[in-house]
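Visitor: fold the following and give me the result.
(one chain, ligands or ions: 1)
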Amino acid sequence: MRIEPVPALEGHIAVPGDKSVSHRAVLIGAICEGETRITGFGRSADTESTIAAVRALGATVDEHDVDTITVHGLGLRGMRAPDGPIDCGNAGTLVRLLAGILAGQDGQEFELEGDGSLSARPMGRIAIPLTRMGAGVETTDGRLPLGIQGRALHGIDYELPVASAQVKSCVLLAGLFAEGATTVVEPIPTRDHTERMLEHAGARVTRRPTSVTIEPADVLRLASVEVPGDISSAAPFLVGAAIVPGSAVTVHGVGLNPRRAGVLDVLERMGARIAIYNRRAIGGEPAGDVEVRASELVGATIAAEEVPSLIDELPILAVAACHARGETVVRGAGELRAKESDRIEAVVEELRRIGGHIRATRDGFRIKGVPARLRGGVVDSHGDHRLAMLGAIAGVASIEGVELRGAEAAAVSFPGFFDVLEQIARSAVHYPPAT
Ligand code: S3P
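Guide: Residues are numbered from 1 along each chain as shown. So this is what the prediction gives:
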């Protein structure tokens, strides 16, 4: 795909429903009693994998519309093992959260598999706590395919060795089925969508600043979930608006959970002009309309404590850093190496190819902003949706444009990404005023 430079990005847009919340609404809806109607559902390749997975386990899902679905709950222990493996596609959140639920389906055996990228990602991090809770879990050298034997579980106290909302959620979901309380201690707070939704569904959840405890549940009931817009999908447009001179973009109805919105704090520190309007709650999550206007940016330091709140936005923030005066340093982000691609190596390789001054460190990167525009050239997505969007935004901001290889990967989280980009890309063609 060819991405041409644009004179400015301008307009009002909405982005699909939050992917993290959408996965959780389907998975938790499937273990609820009765129906869960999900509005603002973020339809994407990843969340379709989740719908397919709960269907394979016996749940009925009605699709009324692209973003409105109803999940007919099976109750906590109503899942039935399909004949073959459950395909989790590219979705790390699906495989890790579902594993926690399946571990509690006493007396049944399941197999989880995924695509090439997911099959390269670490699964020992969920196998260890689930085994300690009493489940039978077999990885393939620490990776997929994953065999799970549901058993009678018991609660544990578990200190997360890595800051991961997926692992935390896996253990909390298994805790619903356990005898006794389950506590997860977090080194750094991570996104809390699972805690919020389980509380909303009637589970007993106790939250402290660095830990969360869940009691076993008898019945969960959600009834309805409204999903806010995905700040991770908004981020490329917000960064684009910050770096392309003359731009002004407003993304409406975006989730602003403080454990997710670190990208806004960093952009603000870099000097971006950000305004938030209509602060409100959407589906139990803080939300609002976010406007970003172009300005001159300066480099920033991003430390480990901040990383979980912007982990998926670090690739696109690297593009902002290339356009900022001075140095940007990202530390404590070694987890980027365990994402859909090794996002430290991939970001460094691709931004260098188009003129960025960036180098990898063990747990992050260092970027010297020029702050001229990136030159442009070829960007490869490495089959990673966040890299595809990085390439597109780098392209519109660049001097020569970008030939984006593997652009289709964007559909993993945001199938309409390029249409929205086109909608706000002010045409490079200037017509003379009518006389
Ligand atoms: C997610 C948690 C994060 C994030 C991923 C979604 C979630 O992963 O990178 O895109 O929905 O819980 P980790 O828990 O592995 O950090």
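Visitor: which residues sit against stretch 87-96?
Guide: 19-20, 23, 27, 45-50, 52-53, 98, 112-115, 117-118, 121, 123, 126, 144, 146, 166-167, 169-170, 339-340, 412 (CB atoms under 8 Å, 6 or more residues apart in numbering). Just so you know, the C-beta spots here come from the backbone N, C-alpha and C atoms, and that holds for glycine as well.
Visitor: I'd like the average pLDDT over it.
Guide: Across stretch 87-96, pLDDT averages out at 98.
Visitor: gap between the two ends of it?
Guide: 13 Å (CA to CA, to the nearest Å).
Visitor: and the ligand, is it touching that?
Guide: Yes - interface with the ligand: stretch 87-96 contributes Thr93 (CB under 6 Å from any ligand atom).
Visitor: same question, stretch 126-146
Guide: No - using CB under 6 Å from any ligand atom, stretch 126-146 never reaches the ligand; the gap is at least 10.1 Å.
Visitor: buried stuff in that stretch?
Guide: Neighbour-count burial for stretch 126-146, counted by 16 or more other CB atoms under 10 Å, picks out 126-130, 132-135, 137, 139, 144-146.
Visitor: of the residues you listed, closest to the ligand?
Guide: The ligand has its nearest neighbour among the buried residues of stretch 126-146 in Ile126, at 10.1 Å by CB to the nearest ligand atom.
Visitor: ok so, going back, distance to Ile188 for the buried residues of stretch 126-146 - can I get that in TSV?
Guide: Formatted as TSV, the buried residues of stretch 126-146 follow (distance: CB to CB, whole Å):
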residue	distance to Ile188
Ile126	19
Ala127	22
Ile128	19
Pro129	18
Leu130	22
Arg132	22
Met133	23
Gly134	28
Ala135	26
Val137	25
Thr139	25
Leu144	26
Pro145	30
Leu146	26
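Visitor: before we move on, back to that, buried ones among the contacts of stretch 87-96?
Guide: Buried members of those, counted by 16+ other CB under 10 Å: 19-20, 23, 27, 45-50, 52-53, 98, 112-115, 117-118, 121, 123, 126, 144, 146, 166-167, 169-170, 339-340, 412.
Visitor: tell me how many other residues surround Gly84.
Guide: 9 (other CB atoms under 10 Å).
Visitor: relative to Gly356, how far out is it?
Guide: 44 Å (CB to CB, to the nearest Å).
Visitor: pretty sure Ile276 sits against Ala287.
Guide: No - Ile276 lies out of contact with Ala287 (CB atoms under 8 Å); the separation is 9.7 Å.
Visitor: between those two, which has more neighbouring residues?
Guide: Shown here are Ile276 and Ala287; by other CB under 10 Å, Ala287 has more neighbours (24 against 15).
Visitor: overlap in contacts, Ile276 and Ala287.
Guide: In contact with both Ile276 and Ala287: Leu256, using CB under 8 Å, 6+ apart.
Visitor: near the ligand, which residues of the stretch 151-300 of the chain?
Guide: Ser164, Ala165, Gln166, Ser169, Arg191.
Visitor: report how many residues lie close to the residue nearest to Met1 when sequence neighbours are not counted.
Guide: Leaving aside its sequence neighbours, Met1 sits nearest to Ala407 (CB to CB, 6 or more residues apart in numbering; 4.1 Å). Neighbour count for Ala407, taken as other CB under 10 Å: 21.
Visitor: list the residues that contact Ala407.
Guide: Applying CB under 8 Å, 6+ apart, the residues contacting Ala407 are Met1, Ser381, Ala388, Gly391, Ala392, Phe418.
Visitor: how close does it get to Phe417?
Guide: 9 Å.
Visitor: so what sits against both of those two?
Guide: Ala388, Ala392.
Visitor: quick one on the thing from earlier: dump the residues of the stretch 151-300 of the chain next to the ligand into TSV; add secondary structure and distance to Ala300 as well.
Guide: Shown next, in TSV, are those (DSSP: H, G, I helix; E, B strand; the rest coil; distance: CB to CB, whole Å):
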residue	secondary structure	distance to Ala300
Ser164	coil	24
Ala165	helix	23
Gln166	helix	27
Ser169	helix	29
Arg191	coil	21
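Visitor: can you put these in TSV and add pLDDT and distance to Arg208?
Guide: TSV is the format used below for those (pLDDT from 0 to 100; distance: CB to CB, whole Å):
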residue	pLDDT	distance to Arg208
Ser164	98	18
Ala165	98	16
Gln166	98	20
Ser169	99	17
Arg191	98	17
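Visitor: would you confirm that Cys170 contacts Gly104?
Guide: No - using CB under 8 Å, Cys170 is not in contact with Gly104; the gap is 11.1 Å.
Visitor: picking up where we left off before, quick one, phi/psi of the residue nearest to Met1?
Guide: phi -60, psi -30 (degrees, to the nearest 10).
Visitor: quick check: it vs the ligand, distance?
Guide: For Ala407, the distance to the ligand equals 20 Å [CB to the nearest ligand atom, to the nearest Å].
Visitor: name the nearest residue to Pro308, ignoring sequence neighbours.
Guide: Going by CB to CB, 6+ apart, Pro308 has Thr190 as its nearest residue, at 4.3 Å.
Visitor: how close does the one you found get to Leu112?
Guide: 22 Å.
Visitor: next one: Arg375
Guide: Counting by CB to CB - Arg375 and Leu112 are separated by 43 Å.
Visitor: what does Ala409 give?
Guide: Ala409 is 22 Å from Leu112, by CB to CB.
Visitor: His252 falls within a helix, correct?
Guide: No - assessed with DSSP: H, G, I helix; E, B strand; the rest coil, His252 is strand; it does not lie in a helix.
Visitor: for the nearest residue to it once chain neighbours are set aside, pull up the helix or strand it's in.
Guide: Of all residues beyond its chain neighbours, the one nearest His252 is Asp289 (4.7 Å), with distances taken as CB to CB, 6+ apart. Per DSSP states H and E: Asp289 is located in strand 285-293.
Visitor: hang on, isn't Gly155 packed against Thr182?
Guide: Yes - look at Gly155 against Thr182 with CB under 8 Å: they come within range, at 4.1 Å.
Visitor: the two: which is more packed in?
Guide: Thr182 (26 against 21).
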